[in-house]
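1. Need coordinates for the below:
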Amino acid sequence: MKVKLAAMEALGGKCNCSLEVCWHMGSCVVTDHRILQFDHLIGGGKKEVLQSIDGAPRRARYYRRIMESDKRREGRYQLLCANCNWMKRALLGL
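-> I've put the predicted structure just below:
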């Protein structure tokens, strides 16, 4: 859990929704780690998660990979709350 929280903090620790048409007015203010989800900006998230999460050690590696990507400023991940993540999927037809 510590590694997951560290990965969330590396990505700002709050929802980074930038959708103009979303459930909230203005910026989303969700910071609760129980509601935040890692969003894969480039896609391929489902495949990456399924390959990575087979147990606690692999899950920790997945979160470390997110932190390393953020350090390199690759722009592959962002944090979204569950509502914004689903709104993104609905609006983009994913």
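2. For the chain, just list every one of the strands.
-> Using DSSP state E, the strands of the chain run over 36-40, 77-81.
3. Look up how far Cys84 lies from the most centrally placed residue in the chain.
-> For the chain, Phe38 is the residue whose C-alpha lies nearest the centre (Cα atoms, centre = their mean; 1.5 Å). As judged by Cβ to Cβ, to the nearest Å, Phe38 and Cys84 stand 12 Å apart. C-beta here means a position set from N, CA and C on the backbone, and glycine is covered the same way.
4. cool, and Val21?
-> From Val21 across to Cys84, the span is 11 Å (Cβ to Cβ).
5. residues touching Cys22, list them.
-> 28, 83-84, 87 (Cβ atoms under 8 Å, 6 or more residues apart in numbering).
6. Which positions within the longest helix anywhere in the chain qualify as buried?
-> Longest helix of the chain, by residue count under DSSP state H: helix 56-71. By neighbour count on 16 or more other Cβ atoms under 10 Å, the buried set for helix 56-71 is 59-60, 62-63, 66-67, 69-70.
7. about what we covered before: can you tell me which of the strands of the chain is packed in deepest?
-> Per residue and on average, the most neighbours among these fall to strand 77-81, with a mean of 23 (mean count of other Cβ atoms under 10 Å).
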